[in-house]
Each structure stands twice: as C-alpha cells, then as structure tokens.
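Trainee: model this:
(2 chains, ligands or ions: 2)
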Amino acid sequence: MKIELNVNGKDYSIEIEEHLRLIDLLRDKLNLTGTKEGCGEGECGACTVIMDGRIVNSCLVMAFQAHKSKIITIEGVEDEDIKNAFIEEGAVQCGFCTPGMILAAKSLLDKNENPSEQDIREAISGNLCRCTGYNKIVSAIKKAAEIKRGGRNV
Amino acid sequence: MFEFIGKNIKRIDAKDKVEGKAIYPQDIYIEGMLYGFTVRSKFPHAFIKVDVSEAEKVDGVVKVFTYKDVPGKNHHGVVLKDHEVFISKKVKRIGDPIAFVVAKSKEIAEYAASLVKVEYDILPAVFDPEEAMRENSPKVHDKDNVFYHFKIRKGDVEKAFKECDVIVENVYKVPMVDHAFLQPEAGVSYIDEDGKIVVIASTQYPHFDQEEIAQALGVSKDLVKVLTPAVGGAFGGREDITLQIHLAIAAFTLKRPVKAVYSREESFIAHSKRHAMKMYYKTGATKDGKLLALEAKIIGDSGAYASWSMNVLRKAAVHATGPYVVENVKIDSFAVYTNNPFTGAMRGFGATQVPIAYEQQMDILARKLGLSPIEIRLKNCFKEGSETATGQILEKVALEKCIEELKRF
Ligand code: FES
Ligand code: FES
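Mentor: Ligands and ions are numbered 1, 2, ... in the order given. Sure thing, here's the model as predicted:
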C-alpha cells in the first residue's frame, strides 16, 4: 500500500508493507536512524517521535497509521536550546535514550515554557534512561526552559 | 590549577548524540547485507540433536550455522573457555545458542529459525547453588560444580568469638540483576578490502573479542578487526561475547556482510547477570562496640558459565568485612555452576552485594549494644594506617570524616 506523510518538513509518498511499524519506516526506509529501538513494546521511549504535535512510541504505531500525518524525529529538531542544555548539564551519557528524551522535552516546552519539576518528570515519565539517573536530564530541561523564557540562545 | 578536575567538561560525543547522529551498530546498513537470527535453547539442561534441513529449505535462507560450521575452536570465555560458540551436545541454560540462521531479511531468518528442529533429551537440572555444591547434584559441566574457592584467614576467629560480648549471626540473600542497558546487542560483520574480517559491535572488550573471534575462526589475530561504535550502556554486561563470533563466522564463510540485532527479550536471555549471592555472616564485638571477629561464607551463583565469577567472588570476599577493622577474620567465598543464566561483571564486581550483609550486621550489633549506627561505625571504621583483612595497610583514608558528616542527617 501507499501512504503519504510529512517527516521533518519533507513530503513523502511511499510504498509500504502492511506490517511495517513507523519506527521501521523511519529507520529502514528513510534512513533516519536517530530514532532508537530499546524494547519494541512501548516500555522505554527510545523510539519517541512527535506525530501531529503529540509524542508517540514509534514502535507501537503502524506505518499506515501515519498516513497524512506530520512527524518530527530527532533529525528534525531545530531547537538548539534543548540540545545545548543537554550537552552542558551532562544529561547525555551513552546517548541511546537521548533522542527520545529530547523529543519528550520539546513536546513539553512547546506547550509550557515554565514547567515545574513535577511537569518535567511527568513529561519524561515514558522515557527510560539507564545511565544518568534522570536528575541531569531534569536540570537540562529546566535550563532549556529558562533560556527560552529569557529569550536568548546559548 | 587543574585543567579538568573541578571543571565541567563537555563530552566529545555529546553533540552527535543530541542530534541523533551517533552511530550504534543497529544503525549500520550495508548494501546487500544478510540478517542473522539465533536459535536458543528452551530448556536449562538437556542433550540436544539438531536438524536444520527444513530451515535451510526456506526461500531466502542462505545458511544455517551450527557447531559443525565453526572453523576454529568452538569455545570462548573471558577467564575459562567454557562457553561453546554453538552448543554441540548439551545445553546448560535456557538461551544457550544452538544455531544461527542467516537469510536475506530479518523476517525470513526469524521464520526459518522456528523451523530448526531441536530434539531435547532433558536432564535433571540444578538451580540452587547450595544444592549444586552437594556431591550427588546434577553436574553442569560434568565435573564438580564448585570451580572456585577463595579463603581469607586472619587471627583466630574461634578464640576471638569466645571473647565477644555480643555475636550476631544472619543469612543474607541478594538476587540476580540484569544490566538492562538501553541499547540491545547488535552488530555487523563483513570482509574489508584488505581481506580482514571486521566485526562492528557494541562491546566493552574489543581487544579480547578480537582474540576470541580469531580462535573461533582459526585465523591469526591480525586478520580480525573489532570496531566499537557508540555503545548504548553496558555496565559490565558487554564484557562477554554474545553475537560477535556468530557474525564473524557467517561473514567469513559467506563472504557477505551480515547483521544481527537482538530484541530486548533476547538481550535479557543472551548476556550475563549480576551474581545472586547467599551470605552467611557471624560478627562479634565487645560490649563497647569494638568488632573482634567476623566469619563469612559467601556463595555466588555463577549460572551455567564462569564468565568473571572468580574475580567477582574474590572481590566479594576481599570486601566482606566492609570498611571496618576486624582482627580475626575467616572468609570463604565460592563460585558455583548451576543451570541458571550465567553471571559475570556488573558495576562493582562483587563489591556491591556484600554491603547488604556487613552493614546490616553493624546495625543489628549497634541496636543490641545500645549504640547509634554512627557510633559503632566510627569506632570500627578504617583510619589512616589501618590494616585490612587481607593485610593491606591503608593510606589517605577519609572515611571517618564522611561518617561524621552523616550526623547532620
Ligand atoms: S522501543 Fe518503543 S518504547 Fe521502547
Ligand atoms: S544516557 Fe544511556 S540510557 Fe540515557
């Protein structure tokens, strides 16, 4: 079957098999390997992408369900504030959770530029990190929010 | 004064990682590459007979590898070579690798793997290391299950226990733990322009993998190149070989690139665990809280293979008194084969398990003696010049200060 979708601002019309998952479409067909697979069953959030403004686990979305939708993957995140905050706060270790974390953070900050710590922890509650212990990720997101409110770039 | 100490340093790989550009092995795609899928044992202890003929007939399957296809030595292992690359006769745990199906796609490989016929002649198995220590228990490796015994002896515990005013005796148990690094095992192998066998895998031990791969291929080490791209966490769980040799044999034999990616479930089954330990502790002190004697027996469940068990059980024993001075010490630690998942390195290498025991012993002693947990620790903790149970004289010890700090909480 054929689907149409927009990924990171680019339109695609693409032939897919019915059993294909969104994560496979992104990684195997569109070469967007920044989206990671940590579990394949909706537990870890490494495969998080933004679909029509909301975060989804791309391992649980079938490719055909993305027909006519707008997807943002890590490769399409232009927000340097979040990325820089992650680097500066030491929120990146092995990095396998990082793309998903950044998309979860972006999705939060797109809606709320002044999140409480509770808001932040809730926003990343679907994303597992086995390296950092989360605190540095939380402070990175706090910092990114501060920078945004201050209206300046790092 | 220092260039780096006390300063915030940015990781050199952080930028690639936040942009999604860092390459982990699953992110590598090579034109025309094949996919491998591992057939694993479903039983913990059994003789097996394997028939791959149906699987090899599947359209798109290139070859199914078993122990017969290992060109060199069918073994690996960080200390003892007790793992087989592919099981030849007897599986010793659930998850033992039996065959590696290589096909044109992941789906075909996985489907064909379900057609590999494994006949199991089931043997009695042993899952409790203490039971495994008994003479009449099933033997995992056709020899004594106890393959390591480490002893520490200092002073005279028997005499010292008689002089103690209070003695506490308890048994502590800690379970196996999985590293659950976020990136499941993955790898790619191919032959490069110079004819070298390249294995790209997330490993903690590339130079050692190189040696093990070379032995299994029966080639010299300089023909094997192991590359480590970004590694998605490891915590000790990537110190043993998982898919490296399987991939190398397939690429070496077929002269085509081969890739394999484990699912989370397979990752759990494939790699080591932290040792479950059973710790028998007897600790004695005088009425003013000075430790006089400590006797401990620590039994580590090594599971089906040795991996780093010797090092882990040695370290557990060396740390068994905790950071406390004890003049009379008797410690015995054992590594024991069972038919459980194998255990190896995980953050602390054995030093992580024993505090559960020795610190609780301290708290129980303190309560019996009417001392605070801080008092009893200050009384016994390592100080400048203290001697450990293994006879090491310590320098630059700041522990007292650390414990003092705790008074604030
Ligand atoms: S890979 Fe999708 S949630 Fe883990
Ligand atoms: S940095 Fe490794 S899982 Fe988060």
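Trainee: tell me the secondary structure at the closest residue to ligand 1 within the stretch 101-250 of chain B.
Mentor: Going by Cβ to the nearest ligand atom, ligand 1 is nearest to residue B:182 of the stretch 101-250 of chain B, at 8.7 Å. (Glycine included, C-beta is placed from N, CA and C.) Put simply, residue B:182 is coil when judged by DSSP: H, G, I helix; E, B strand; the rest coil.
Trainee: test my guess that it contacts residue A:127.
Mentor: No - using Cβ atoms under 8 Å, residue B:182 makes no contact with residue A:127, being 9.8 Å away.
Trainee: touching both of those two, which residues are there?
Mentor: A:44, A:46, A:97 (Cβ atoms under 8 Å, 6 or more residues apart in numbering or on different chains).
Trainee: which of these tops the neighbour count?
Mentor: residue A:97 (32 neighbours; other Cβ atoms under 10 Å in any protein chain shown).
Trainee: show me what contacts that residue?
Mentor: Residues in contact with residue A:97 (Cβ under 8 Å, 6+ apart) are A:36, A:38, A:44, A:45, A:46, A:127, A:128, A:129, A:130, A:131, B:182.
Trainee: checking the second one next. Helix, strand or coil?
Mentor: Put simply, residue A:38 is coil when judged by three-state DSSP.
Trainee: and the fifth one, by the same measure?
Mentor: Recorded secondary structure, residue A:46: coil (three-state DSSP).
Trainee: can you map out the helices along chain A?
Mentor: For chain A, applying DSSP state H gives helices covering A:22-24, A:80-88, A:98-111, A:117-123, A:135-150.
Trainee: stretch A:132-140 vs chain B: in contact?
Mentor: No - for a cut-off given as Cβ under 8 Å from any Cβ of the partner chain, stretch A:132-140 has no contacts with chain B; the smallest distance is 9.7 Å.
Trainee: please report how far the nearest residue to residue A:5 once chain neighbours are set aside lies from residue A:20.
Mentor: The shortest distance from residue A:5 to any residue other than its chain neighbours is 5.0 Å, reached at residue A:66 (Cβ to Cβ, 6 or more residues apart in numbering or on different chains). For residue A:66, the distance to residue A:20 (Cβ to Cβ, to the nearest Å) stands at 10 Å.
Trainee: comparing the two, which residue is more hemmed in?
Mentor: The residue with more neighbours, out of residue A:66 and residue A:20, is residue A:66; 28 against 18, by other Cβ under 10 Å.
Trainee: the more buried one contacts residue A:25, correct?
Mentor: Yes - with contact defined as Cβ under 8 Å, residue A:66 reaches residue A:25; the gap is 7.2 Å.
Trainee: domains for chain A, by residue range?
Mentor: Per automatic domain parsing, the structural domains of chain A span A:2-76, A:80-148.
Trainee: just the terminal-to-terminal distance for the last one.
Mentor: Translated: domain A:80-148. 10 Å (Cα to Cα, to the nearest Å).
Trainee: for the longest one, same thing?
Mentor: Distance across domain A:2-76, first residue to last, is 23 Å (Cα to Cα).
Trainee: check whether that domain contacts ligand 1.
Mentor: Yes - with Cβ under 6 Å from any ligand atom as the criterion, ligand 1 is reached by domain A:2-76 at A:37, A:38, A:39, A:40, A:42, A:43, A:44, A:45, A:46, A:47, A:57, A:59.
Trainee: what parts of the stretch 201-350 of chain B come near ligand 2?
Mentor: residue B:233.
Trainee: switch to 8 Å and redo it
Mentor: When proximity is defined as Cβ under 8 Å from any ligand atom, the stretch 201-350 of chain B approaches ligand 2 at B:232, B:233.
Trainee: sec struct for residue B:296, please.
Mentor: strand.
Trainee: so how do I select the buried members of the residues of domain A:2-76 next to ligand 1 in PyMOL?
Mentor: Buried subset of the residues of domain A:2-76 next to ligand 1, written as a PyMOL selection, criterion 16 or more other Cβ atoms under 10 Å in any protein chain shown:
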select buried, chain A and resi 37+38+39+40+44+45+46+47+57+59
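Trainee: separation between the residue most central in space within chain A and residue A:54?
Mentor: Nearest to the mean C-alpha position of chain A, by Cα atoms, centre = their mean, lies residue A:103 at 2.6 Å. Applying Cβ to Cβ, the value for residue A:103 to residue A:54 is 11 Å.
Trainee: can you lay out the contacts of residue A:97 as a markdown table showing pLDDT and distance to residue B:205?
Mentor: What follows is the contacts of residue A:97, written out as a markdown table (pLDDT from 0 to 100; distance: Cβ to Cβ, whole Å):
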| residue | pLDDT | distance to residue B:205 |
| --- | --- | --- |
| A:36 | 98 | 23 |
| A:38 | 98 | 22 |
| A:44 | 98 | 25 |
| A:45 | 98 | 29 |
| A:46 | 98 | 24 |
| A:127 | 98 | 29 |
| A:128 | 98 | 25 |
| A:129 | 98 | 24 |
| A:130 | 98 | 19 |
| A:131 | 98 | 19 |
| B:182 | 98 | 19 |
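Trainee: so which of these reach ligand 2?
Mentor: A:46, A:128, A:129, A:130, A:131, B:182.
Trainee: in JSON lines, list those along with distance to residue B:88.
Mentor: Output for those, formatted as JSON lines (distance: Cβ to Cβ, whole Å):
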{"residue": "A:46", "distance to residue B:88": "37"}
{"residue": "A:128", "distance to residue B:88": "38"}
{"residue": "A:129", "distance to residue B:88": "40"}
{"residue": "A:130", "distance to residue B:88": "35"}
{"residue": "A:131", "distance to residue B:88": "38"}
{"residue": "B:182", "distance to residue B:88": "34"}
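Trainee: compute the number of surrounding residues for residue A:69.
Mentor: Neighbours of residue A:69 using other Cβ under 10 Å come to 17.
Trainee: for the residue nearest to residue A:32 when sequence neighbours are not counted, give its distance to ligand 1.
Mentor: Of all residues not flanking residue A:32 in the chain, residue A:26 sits nearest, at 4.5 Å (Cβ to Cβ, 6+ apart). Distance from residue A:26 to ligand 1, counting by Cβ to the nearest ligand atom, to the nearest Å: 12 Å.
Trainee: tell me what residue B:296 is bridged to.
Mentor: Applying DSSP bridges to residue B:296 gives these bridge partners: residue B:281, residue B:331.
Trainee: which SS class is residue B:358?
Mentor: helix.
Trainee: ok, it touching residue B:326?
Mentor: No - using Cβ under 8 Å, residue B:358 is not in contact with residue B:326; the gap is 9.8 Å.
Trainee: what is in contact with these two at once?
Mentor: Shared contacts of residue B:358 and residue B:326, defined by Cβ under 8 Å, 6+ apart, are found at residue B:294.
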